[in-house]
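*Asks:* coords please:
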Amino acid sequence: MKVYVADDYVNFRKLLVDMLQHDGHEVAAAHDGSALLAMIVDAAPDVVVADLRLSGMSAVDLLIEMREARLLVPVVVMTSDAPEDVALTVAGFGGVRVLQKPFKLEALQRALGELAKV
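*Replies:* Predicted structure coming up:
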């Protein structure tokens, strides 16, 4: 599965990339929301994994931009905020899963598996 990852924190982003590559995924990473959107527009992945509070563009803003551009790519939104609040915010987008940080690799794998079926 082709996965794009975005998180402001370099070490966490690298950890996600390493875990996903080890799990057999083709992975590319971005340091902020604007760079991630440019990557998606250039070559859409199978799924996006993005932190809610990205610099330049939040994950919610990213979802809005993707919808306007008709980029129908499933998204995993990672957050340290209350997951229920975030889930309510993104509920209307469809094809979105919310993961509470910190999370285990198994939770990310489960979310990716669910989104692969969408």
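
*Asks:* Which stretches in the chain count as strands?
*Replies:* Listed in chain order, the strands of the chain (DSSP state E) span 2-6, 26-30, 47-51, 75-79, 96-100.

*Asks:* Turn those strands into a markdown table, including mean pLDDT, distance to M57 and mean neighbour count.
*Replies:* Any C-beta I mention is one placed from the backbone N, CA and C, and that applies to glycine too. Putting these into a markdown table (pLDDT from 0 to 100; distance: least, C-beta to C-beta, whole Å; neighbours: other C-beta atoms under 10 Å) gives the following:
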| stretch | mean pLDDT | distance to M57 | mean neighbour count |
| --- | --- | --- | --- |
| strand 2-6 | 97 | 9 | 23 |
| strand 26-30 | 98 | 10 | 17 |
| strand 47-51 | 96 | 9 | 27 |
| strand 75-79 | 93 | 13 | 24 |
| strand 96-100 | 91 | 16 | 20 |
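
*Asks:* Export these to a markdown table and append columns for distance to K14.
*Replies:* Shown next, in a markdown table, are these (distance: least, C-beta to C-beta, whole Å):
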| stretch | distance to K14 |
| --- | --- |
| strand 2-6 | 9 |
| strand 26-30 | 8 |
| strand 47-51 | 13 |
| strand 75-79 | 15 |
| strand 96-100 | 18 |
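
*Asks:* And the helices in the protein?
*Replies:* 10-22, 33-42, 59-68, 83-90, 105-116 (DSSP state H).

*Asks:* What is the second one packed up against?
*Replies:* Taking 3 or more C-beta pairs under 8 Å, 6 or more residues apart in numbering; DSSP states H and E as the contact definition, the neighbouring helices and strands of helix 33-42 are strand 2-6, strand 26-30, strand 47-51, helix 59-68.
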